[in-house]
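# Sequence isn't available, so here's the structure alone:
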Ligand SMILES: Nc1ncnc2c1ncn2[C@@H]1O[C@H](COP(=O)(O)OP(=O)(O)O)[C@@H](O)[C@H]1O
Ligand SMILES: CC(=O)OP(=O)(O)O
Ligand SMILES: [Mg+2]
């Protein structure tokens, strides 16, 4: 059996849990097993794990039976444990969606840090409890293994104060009520990868569209976040699989006062019953919507595209112009049709789509001579987490 040192990474998203096992070879990290359970809370959950060569080593499909985060996490931790063999686990790295005002850099997760992060659960109810549950489990059963938390909010700490501000009185702002931004590990990875696609992107004005079950856009200038569509919580900005995205705040008052809804009911509405699912009445999953001939499924996709187009305009204004648009995450990487609609809507910015490149899985999908270039770049939040965990532990050793 192979031996060596490994870093285990766990990434709990709203509709999936992903994991990767990295072998450490000197300064290098190479993934030797990765997998995910996706389609949580839908009727089509799917588990798949692949080895270094991309060969499928395990798979399971659930039909009709809903798989929750708890079910999925138990199954994955068992699977990972069974596959580690004689590897020595140097660290377990976790994606943690909300770091609040206190945590922006990766940290070693102690019982005390965990307690502080648990207080942020109301600000990320679809994620934070699922990000923190495996941390607590491992602190209980394997306290000797270092655990590292990496925050979705961290990358956005570079945003200028104006981009982070709500127009609220200072005493509210001082309590940490401001825009944070999310999907930061994904954006940080994309920012690090872009110069390999084209060296000029390193200094460019770029909008990255992270379109998964959660969806947001980030404006990058020279690889740093200057604005994003998500704010205090990950319910802001674009409509998502089950989240509403930005609303007139007056809607909340109406729900409270006129419809007599309670806070938890409103939370359920905004986080779990809205977005693509709420508008379509069919599904939260883009594949199902694209396959459906129900007009409400079409309406949900059209609204998603429309809002992305409007937010692209807003972020282009924040950047003072646009050089490139990058698509990533589940929908951004895989739906040529969605990318096509978004790119056609951005023609006014000088983006000319190369239809054949978009259909064929190419990285560059804009036509030669397009003033704004367009790209498809697979994200890798797990690699970003492993890099952070390795760096943090190396620092701790010296
Ligand atoms: N081939 C595909 N075509 C269209 N949409 C896809 C495809 N593959 C995945 N998706 C969509 O990606 C979304 C999930 O994205 P993902 O980034 O994995 O989510 P999470 O936010 O849970 O990390 C779902 O809406 C799914 O339907
Ligand atoms: C922050 C967020 O929405 O994450 P995900 O897309 O993984 O649900
Ligand atoms: Mg995700």
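Done, it's in. Remember, predicted model here, so these are calculated numbers, not experimental data. Ligands and ions are numbered 1, 2, ... in the order given.
# just so I have it, where are all the helices in the stretch 151-300 of the chain?
Under the criterion DSSP state H, counting those that start in this stretch, the stretch 151-300 of the chain contains helices at 161-164, 170-173, 184-197, 249-257, 263-272, 275-280, 286-291, 295-319.
# how about the residues of the stretch 151-300 of the chain near ligand 3?
Within the stretch 151-300 of the chain, the positions lying close to ligand 3 (C-beta under 5 Å from the ion) are residue 212. Bear in mind the C-beta positions are built from the backbone N, C-alpha and C, glycine included.
# ok and the residue in the stretch 151-300 of the chain nearest ligand 1?
Among the residues of the stretch 151-300 of the chain, residue 212 lies nearest to ligand 1; the distance is 2.4 Å by C-beta to the nearest ligand atom.
# next one: the stretch 251-398 of the chain
In the stretch 251-398 of the chain, the residue found nearest to ligand 1 is residue 330; the distance is 2.1 Å by C-beta to the nearest ligand atom.
# rewinding a little: in CSV: the helices of the stretch 151-300 of the chain, plus mean pLDDT, distance to residue 40 and mean neighbour count.
Output for those, formatted as CSV (pLDDT from 0 to 100; distance: least, C-beta to C-beta, whole Å; neighbours: other C-beta atoms under 10 Å):
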stretch, mean pLDDT, distance to residue 40, mean neighbour count
helix 161-164, 98, 31, 13
helix 170-173, 97, 34, 10
helix 184-197, 98, 18, 22
helix 249-257, 98, 26, 12
helix 263-272, 97, 12, 16
helix 275-280, 98, 13, 23
helix 286-291, 98, 14, 18
helix 295-319, 98, 19, 18
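# So which of these is nearest ligand 2?
Judged by C-beta to the nearest ligand atom, the one of the helices of the stretch 151-300 of the chain that comes nearest to ligand 2 is helix 184-197, at 8.3 Å.
# do the closest one and ligand 2 meet at all?
No - under the criterion of C-beta under 6 Å from any ligand atom, helix 184-197 makes no contact with ligand 2; the nearest approach is 8.3 Å.
# what's that helix packed up against?
strand 147-151, strand 205-211, strand 215-221, strand 224-228, strand 324-328, helix 381-397 (3 or more C-beta pairs under 8 Å, 6 or more residues apart in numbering; DSSP states H and E).
# Need the ones you listed in a markdown table (columns: mean pLDDT and mean neighbour count).
Formatted as a markdown table, the helices and strands packed on helix 184-197 follow (pLDDT from 0 to 100; neighbours: other C-beta atoms under 10 Å):
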| stretch | mean pLDDT | mean neighbour count |
| --- | --- | --- |
| strand 147-151 | 98 | 27 |
| strand 205-211 | 99 | 27 |
| strand 215-221 | 98 | 26 |
| strand 224-228 | 98 | 23 |
| strand 324-328 | 99 | 26 |
| helix 381-397 | 92 | 19 |
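# burial count for the nearest residue to the residue of the stretch 151-300 of the chain closest to ligand 1 once chain neighbours are set aside?
Computed as C-beta to C-beta, 6 or more residues apart in numbering, the closest residue to residue 212 that is not its neighbour in sequence is residue 329, at 3.5 Å. Using other C-beta atoms under 10 Å, residue 329 has 23 other residues around it.
# who touches residue 329 in this structure?
For residue 329, the contact set (C-beta atoms under 8 Å, 6 or more residues apart in numbering) comprises 183, 186, 210-212, 215, 379.
# If we only consider these, which is nearest to residue 75?
Lowest distance from residue 75 to those (C-beta to C-beta) belongs to residue 212, with 21.0 Å.
# Tell me how far the closest one lies from residue 3.
35 Å (C-beta to C-beta, to the nearest Å).
# Give me the more crowded residue out of these two.
Neighbour count, other C-beta under 10 Å: between residue 212 and residue 3, residue 212 has more, with 23 against 10.
# May I ask you to confirm that that one is in contact with residue 332?
Yes - counting by C-beta atoms under 8 Å, a contact exists between residue 212 and residue 332, whose distance comes to 7.5 Å.
# what residues does stretch 103-122 touch?
Applying C-beta under 8 Å, 6+ apart, the contact partners of stretch 103-122 are 94, 96, 98-100, 102, 128-129, 132, 135-136, 139, 146-151, 153-154, 157, 388-389, 391-392, 396.
# how about the residue nearest to residue 247 when sequence neighbours are not counted, what does it touch?
Once flanking residues are discounted, residue 247 sits nearest to residue 270: 7.5 Å by C-beta to C-beta, 6+ apart. Residue 270 sits next to 235, 243-244, 247 when contact means C-beta under 8 Å, 6+ apart.
# can you pick the most crowded of those residues?
Neighbour tally across these (other C-beta under 10 Å): the maximum, 28 neighbours, falls on residue 243.
# Relative to residue 35, how far out is the residue most central in space within the chain?
The geometric centre of the chain, computed from its C-alpha atoms, lies nearest to residue 183 (C-alpha atoms, centre = their mean), at 4.0 Å. Distance, residue 183 to residue 35, by C-beta to C-beta: 21 Å.
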